[in-house]
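Undergrad: Sharing a model that was predicted from the sequence below.
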Amino acid sequence: MMGFSVAAVPSNLLWAFAGVTLGTAVGVLPGIGPALTVALLLPVTLALSPTSAFIMFAGIYYGAMYGGSTTSILLNSPGESASIATALEGNVMARRGRGAAALSTSALGSFVAGTLATIALTFLAPVLVGVALHFGPAEYFALAVLAFTSVSAVLGRSLLKGLFSLFIGLGLGLVGIDPLTGKARFSLGVSQLLDGIDVVILVMGLFAVGETFYLAWCWKPGEEDVLSPKGGEGFMGLTREDWSRSWPAWLRGSAIGFPLGVLPAGGAEIPTFLSYMMEKRLAAKPEEFGQGAIEGVAGPEAANNAAAAGVLVPLLTLGLPTSATAAVLLAAFQQYGLRPGPLLFDSQPELVWSLIASLYVGNAMLLVLNLPLVGLWVRVLLMPKPLLYGGILVLASLGAYSLNGSVVDVVLLYVIGALGALLRRFDFPVAPAVLGLILGPLAEQQARRALAISQGDWTVFVTRPISAAILAAAVLVLLAPRWFRRRA
Amino acid sequence: MRRLLVLALALLSSSSFSQESRYDRLRIMAPASPGGGWDQTARALAAVLREEGIARVVEVENVSGAAGTIGLSRFASAYRGQGDALLVTGLVMLSAIVMNESPVSLAEVTPIARLTGEYEVLVVPAASDFRSLADLTAALRRDPGAVSFAGGSAGGTDQLLVGLLAREVGVDPASTNYIAFSGGGDSLAALLGSQVAAGVSGLSEYAPHIESGSLRALAISSPDPVPGVDILTFREQGLDLAIANWRGIVAPPGIPGPSRDSLVSAVDRLVRTPSWQEVLARYGWVDLYLPGDRFEQFLRLEQRRVGAVVRDLGGVQRASASGSGEIAEMVFPGIVGVGLLVSGGLLLARRGSEPRASGNGRALGFVTLGAVADVILLEPAGFIAASSVLFCCAARGFGSRRWARDAVLGLAFSTGAYLLFTRALSLSLPAGRLFP
C-alpha cells in the first residue's frame, strides 16, 4: 500500500507514462531492446530520484515486451527472440485480416500475465527464489532437453526439413569463443565472430530480412496476398469465441512463464515455445495451428510477459541479474549507491514497494495505451509494399549495426536473410533454426558444467530429483501423444 | 537546463585553468556495450572531464566484443596518431589478448593512466565445510578436481586468481576445476544454491551476500588489508598472492610526445578533483591511480604475469585430469555436424519432388543490390546515405517506379531514424559527410 501511495504521485505517474511509451517504441524497433535503452538513459536519469528513475525503467521494461509483439504479428519481424512464438500464428492471422484480433489478444494476454505475475512477485518472491536456487547446471540441461521437445510443435510439414533447420541453428550456435575453455570455435579468423552470432541478428535475418527477400523473389506485380484488415470486432477487439479460446491460454501461459522467468538461467524464449507447444497439444482443433490459431498468440505472449516479471524476483530478492535488462537495472541500483541483494527489501522498502506498485500501474497504462493503437497499427499493412519493405530493411540494418557498432553484423544479417529466403522458398520451417541457436549453447554449456562439477559422473542427470523429473517430463511430452492416439 | 548549467560551470572553471591544456573535444571509446564496467568508467570519466572544464565536448563510443579486443584493434587503427582519443582498458583485455591471439596488443597503444579497480574475493557457501582458506587449500592439494570454482568467463580475472592460487599452493593450475559462468548472476546463483564448492568474483558482487551471511569470505586479493572490509588478505594468510581487476586508459599509438604529456597531465588533474573522488565512492571503485610512466612499467610486468598464468592454465584448456567422462570442446560440434550431414543427405536423396526454383529474379536482384550497396556505403558514406539507397532499391524491387518519391521518403525516414538514435539515444551511427 505504501508503494502505491508513492507510485501514484502525479510526477511518478508521468515518469511511468514516459517509460511505457518509450518502452513500446523501442520494443517495436528491431534490435533495440530494453537493456540498451535503460543503459543509455542511465546518465540522463541521475538527476531524478531513484524511485522515479526505477518507475520509469520498469515502464520501459514492460513496454518493450508489449511493443515486441506488434511487429511480430503484423510484419513477421520479431525484434527479439522472445516474440518469435507470437509471430508463428500471429502473422498468419494478420495475413488473413485478423491482425486486430491477434494484437488485442496479445495486449490483453500481456496485461493478464503481467498482472498475475506481479501479484506472484509481490507475495511469493522469497519462496520461489529458494526453489530456484536448487537449479544447478544438471537441471538447466534437463530444462533445455524439455525445451527441445517443443521443436516438434514447430516442425512444419516435413520432419526431415524441420530437423535440418534445427541443425543449421545448432551449427550457427557453435560459432565463437567456447565459454568454458575460452577457445575460439568456427570463428573463421573474423574477430567479430568471437562472441558468436547474436540471436537478434539471426531472428531479424531469418524473419524480417528473409521474408523480404523471399517476397521479392516471389513477387508478381499486381498480386496481393494480404487480406485488407478488418477493424476490431466484439468486445475489446475480440469476438465471443476469441475470448473463450484466449483466456485459458493466457492463464496457462502465465503459469509457465513466471516460474521459468524466476530461474536464474531460464531465459525468456523457453517459456514462450513451451507455451506454444502446450497450446497446440491442448487445442480443440490442433489442425488450425499454422493457419492462425488465436491460442498460439495468446499463450506465448502471456508467457513472455510473465517471464519478464519473473526475472525481477531474483533481482530484487538476491541481487541476481539473470537477463541483460536485469544486469543493467543492477548497474542502475549501484549508480544510486543502492546494493540490491538480500538486504534491499529491509534497507529500501519504499523503493522496492513503489517499484512493484509501478509495475501494476505500468501494466494498466500499457493496456490503455495499446488497445486503441490496435486500429492504427493494422493500417501499417495498408502501406504500399515498396515503402513498407524498404522501411523494414532500413530498420533491420539499423538494429543490426547498433548491436556492436560493426558492419560485420550487417553483412551477417543479409547473409542470414538470404539463407532465410532459401529456406522459405523450399518450404523449410525457420523457427527450429532459432530454437537451435538459443537452446544448443545452453544445453552444451550446462551439460559440460554439470559434468565438470560431478567430475565426469554422467548419472548426475538422473540422480538429482529435479533434473530427473524434468527429463521424465520431456520423455512424456514426446511419447504421450502417440500413446493417446493408440488408445483412442 | 542541466546542460546549460554544465556549460556555465565549464566556462567558469576553464578560466582558472587557462595555463593548462584544455580540450575542445575528446573521444572516449568503451570497448564494451553500454552498462558494463568499462562503459561506466568511460561515461563517468566523460562526465567529470566536462564538469571540471578539462574538455568542452566528450563523446563516448561503444565498440563491444571479444573482451574488448575488437575495440582495441578498432581504436589502434582508426585513431592512430590522434592526441584527443582515449580507450578504456583493463586486466580482462590483457588476458583476452593472449587468449584470442589478438593481432593488436597493449604494447602498441600509449599508456596514459591506471585509474580504478576492484579486489577479488574467494568465497564459499555458508553451509560449506571449508571454514578457512587453509581448509580449502588443503582440499585443493588432496584432489584439485574435487574443488569446483565458479567464476566469470574463461581467462578472466576470476580464473587468473584460481590459477595463481593453485601455483601458490603447489598444484598444477591446469588441473583446477574452474567452471566458467557467463554472467555474474549465474555464478552467484550456483554458489548460493551450493552447486559448486567455491566462488571467485569482485568484492562488490558478493558483498551483500557476505554481509547477510549466505556466503563466507575466505580471502581478499588486495596486497594490504582494505579499511572497512573485514576479510583477511591472501598475504595475511601466508600466500604471496595479490591481484586487482584494474581499469585504466590508453591513447592511440603513434601520438607525439607533447600530446601524450598533455593527456597525462589532464588525467592527473582529473583524479584530484572532488567530483572524481565522488564517482569512486558512488561506484565503490578502489583508487588505483598510476600516472603515465609508472602505468607503462606496471603494464609490462602485468603482461608478463598474465601471459605466464594463461600458459599455466594450459591456454585455459582444461586438462582432462579431473575426470574421464567430461565432454571436450569438440564433441558437441561433432554431433551437430553428423546431424546436419545425415538430415541433409536424406533430403538430397529425396530431391525431385521439390518445386523447381523459379521466381522473380529481377525483384530479388534489386533488393540484393540494395543490401550490397548498404554494406559497402554504410561506413564511408554514412548511415543516412546508405539507408536511402537501400530504401530506394527495395522499393524498386517491389515494383515502385517513382524514384523521386522513394528517394525523398527514404531520405526522410533514414534521417528521422538517425536523429532518433544518435540524439535521443546517443548511440553512435556512421555519420558520413551528409551529417557532420
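TA: Cool, the structure landed.
Undergrad: Next, count neighbours for residue 287.
TA: All of this refers to chain A. 8 (other C-beta atoms under 10 Å in any protein chain shown). Quick note: C-beta positions are derived from backbone N, CA and C, even for glycine.
Undergrad: try again with chain B
TA: 12.
Undergrad: ditto for the one 10 residues further on
TA: Residues within reach of residue B:297, counting by other C-beta under 10 Å, total 12.
Undergrad: Pull the distance from the helix or strand harbouring it to the chain's centre.
TA: Assigned by DSSP states H and E, residue B:297 belongs to helix B:292-312. On the basis of C-alpha atoms, centre = their mean, to the nearest Å, the separation between the geometric centre of helix B:292-312 and that of its chain is 18 Å.
Undergrad: quick one: buried residues of whichever helix or strand comes after that helix?
TA: Using DSSP H and E, the helix or strand that follows helix B:292-312 in sequence is helix B:331-349. By neighbour count with 16 or more other C-beta atoms under 10 Å in any protein chain shown, helix B:331-349 contains the buried residues B:332-333, B:336, B:339-340, B:343, B:347.
Undergrad: Tell me the confidence at residue 351?
TA: Going with chain A. pLDDT for residue A:351: 79.
Undergrad: nope, chain B
TA: Residue B:351 is given a pLDDT of 67.
Undergrad: Residue A:116 now?
TA: On the pLDDT scale, residue A:116 gets 92.
Undergrad: One more: residue A:422?
TA: Looking at residue A:422, the pLDDT reads 90.
Undergrad: go on, residue A:171?
TA: According to the prediction, residue A:171 has pLDDT 90.
Undergrad: now do residue B:358
TA: Reported pLDDT for residue B:358: 66.
Undergrad: cool, residue B:348 as well?
TA: So residue B:348 comes in at 83 (pLDDT).
Undergrad: if I look at it, how far off is residue A:72?
TA: The gap separating residue B:348 from residue A:72 is 33 Å, by C-beta to C-beta, to the nearest Å.
Undergrad: after the strand ranked longest in chain B comes which helix or strand?
TA: Ranked by number of residues, the top strand in chain B under DSSP state E is strand B:110-125. Downstream of strand B:110-125, the next assigned helix or strand under DSSP H and E is helix B:133-142.
Undergrad: Convert the C-alpha atoms of that following helix to CSV, please.
TA: Only the C-alpha atoms of helix B:133-142 are listed here, as CSV (Å, rounded to 0.1, in the frame of the first residue of the first chain):
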residue,chain,number,x,y,z
LEU,B,133,41.4,-20.6,3.4
ALA,B,134,43.6,-23.3,4.9
ASP,B,135,40.8,-25.9,4.7
LEU,B,136,40.2,-25.1,1.1
THR,B,137,43.9,-25.2,0.1
ALA,B,138,44.3,-28.5,1.9
ALA,B,139,41.4,-30.0,-0.1
LEU,B,140,42.9,-28.5,-3.3
ARG,B,141,46.2,-30.2,-2.6
ARG,B,142,44.5,-33.5,-1.9
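Undergrad: now it and strand B:110-125, what's the angle there?
TA: 90 degrees (axes from the mean of the first three to the mean of the last three C-alpha atoms, to 10 degrees).
Undergrad: May I see the buried residues of helix B:133-142?
TA: Across helix B:133-142, burial judged by 16+ other C-beta under 10 Å covers B:133, B:136-137, B:139-140.
Undergrad: got a pLDDT number for residue B:38?
TA: The predicted local confidence for residue B:38 is 87.
Undergrad: likewise residue B:419?
TA: pLDDT at residue B:419 comes out at 84.
Undergrad: Please apply the same query to residue A:391.
TA: For residue A:391, the pLDDT comes out at 88.
Undergrad: pLDDT weak spots in the chain?
TA: I went with chain A, as the question did not name one. A:1-3, A:6-8, A:31, A:221-235, A:266, A:339, A:341-342, A:481-488 (pLDDT under 70).
Undergrad: wrong one, I was asking about chain B
TA: In chain B (pLDDT under 70), the answer is B:1-21, B:35, B:183-184, B:315-328, B:351-358, B:424-426, B:432-436.
Undergrad: hey, where'd the strands end up in it?
TA: Using DSSP E, the strands of chain B run over residues B:23-30, B:55-62, B:85-90, B:110-125, B:148-151, B:177-180, B:198-202, B:215-220, B:244-251, B:286-291.
Undergrad: closest one to residue A:433 among the ones you listed?
TA: strand B:177-180 (26.5 Å; C-beta to C-beta).
Undergrad: Show the contacting residues for residue A:384.
TA: With contacts defined as C-beta atoms under 8 Å, 6 or more residues apart in numbering or on different chains, residue A:384 is in contact with residue B:400.
Undergrad: How much space separates it from residue A:472?
TA: 54 Å.
Undergrad: got a list of contacts for stretch B:259-278?
TA: Here stretch B:259-278 makes contact (C-beta under 8 Å, 6+ apart) with B:17, B:20-21, B:23, B:45, B:47-49, B:51-52, B:54-55, B:83-84, B:86, B:110, B:112-113, B:115, B:249, B:251, B:287, B:289, B:291-292.
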